[in-house]
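1. Sequence and predicted structure below; questions after.
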Amino acid sequence: MTVLFLATGNEGKLREFQELLLGTGLLLEVVDTRVPETGDSYSANAALKAEAAARSRAGPALGDDSGLEVAALGGYPGLLSARIAPTQAEREALLFERLCPHPKPWRARFVCLLALALPGRPTLSFRGEAAGEIREPAGRGQGFGYDPVFWPSGSLLSFAELPPIEKHSLSHRGAAVRALLASGALASLSRPSERGESRR
Ligand code: IMP
């Protein structure tokens, strides 16, 4: 089995990547790199995480940088989604405080940038988005992060209330992972025998 390192300290992201990469023959191993997110874009931060993990383990590594962008707030909190307040409850309170003066619907989107760092090769990046709106929380205790306050377009349930497989089919992370899989970049990591090819 081929090991793919995942640069994250976020248990919600880890669970989702394990589900999304099930059946690919890749074994995910977490590397908590704790690199400062000093990039000025999701893709720069995703690359910083993936490259730090690839360097420390001398193997292929994935990094995810993602955020919630609210249209009425000019894309806030965006890159700062994890950092606008110390706890998730405070982050959501701050979001609603800022949204209050604005008329509903509160349109928003999630963005995910995935970086795949391969030692000795240029880092690749894959993007996924999920459009929807912010509403009063539903499904607390399920999902992670801003899941309880985000309704993907056309859904009667918040991200937190959706069964994981349905969240993946609509989510920014699901879309980014599908782009990664479609690129064939991961297939090139596994050995020929794992790709069902025989050696002559
Ligand atoms: P970062 O990628 O570590 O900078 O953090 C991303 C921020 O967006 C964190 O606050 C996450 O909780 C949040 N976030 C990213 N993806 C999701 C998601 O799928 N559901 C809910 N919150 C998310």
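-> Arrived safely. A quick note: this is a predicted structure, and the numbers were derived from the prediction, not measured.
2. in the chain, which helix has the most residues?
-> Determined from DSSP state H, the single longest helix within the chain is helix 42-57.
3. tell me the contacts of the closest residue to the ligand within the chain?
-> Nearest to the ligand, among the residues of the chain, is residue 145, at 2.3 Å (CB to the nearest ligand atom). Using the backbone N, CA and C atoms, a C-beta is placed for each residue, glycine as well. Residues near residue 145 by CB atoms under 8 Å, 6 or more residues apart in numbering: 10, 12, 81-82, 88.
4. and residue 131, backbone torsions?
-> Main-chain torsions, residue 131, degrees, to the nearest 10: phi -90, psi 150.
5. ignore the last one, residue 100
-> Dihedral angles for residue 100 - degrees, to the nearest 10 - are phi -40, psi -50.
6. do residue 147 as well
-> phi -50, psi -40.
7. Residue 99 reaches residue 73, doesn't it?
-> Yes. The criterion here is CB atoms under 8 Å, and residue 99 meets it with residue 73 at 7.0 Å.
8. mind listing what residue 177 touches?
-> 17, 20-21, 114, 126, 128, 168.
9. Give me the contacts around the longest helix of the chain.
-> By CB under 8 Å, 6+ apart, the list of residues contacting helix 42-57 reads 5-8, 29, 31, 33, 35-39, 60-67, 79, 111-119, 123, 125, 127.
10. hmm, back to that, assign the residue of the chain closest to the ligand to one of the three secondary structure states.
-> When classified by DSSP: H, G, I helix; E, B strand; the rest coil, residue 145 comes out as coil.
11. same check, this time on residue 96
-> helix.
12. Next, count neighbours for it.
-> 13 (other CB atoms under 10 Å).
13. got the phi/psi numbers for residue 187?
-> The phi/psi pair for residue 187 (degrees, to the nearest 10) is phi -60, psi -30.
14. going forward can the numbers begin at 872, since that is how I track them
-> With the count now opening at 872, the last piece we talked about shows up as residue 1058.
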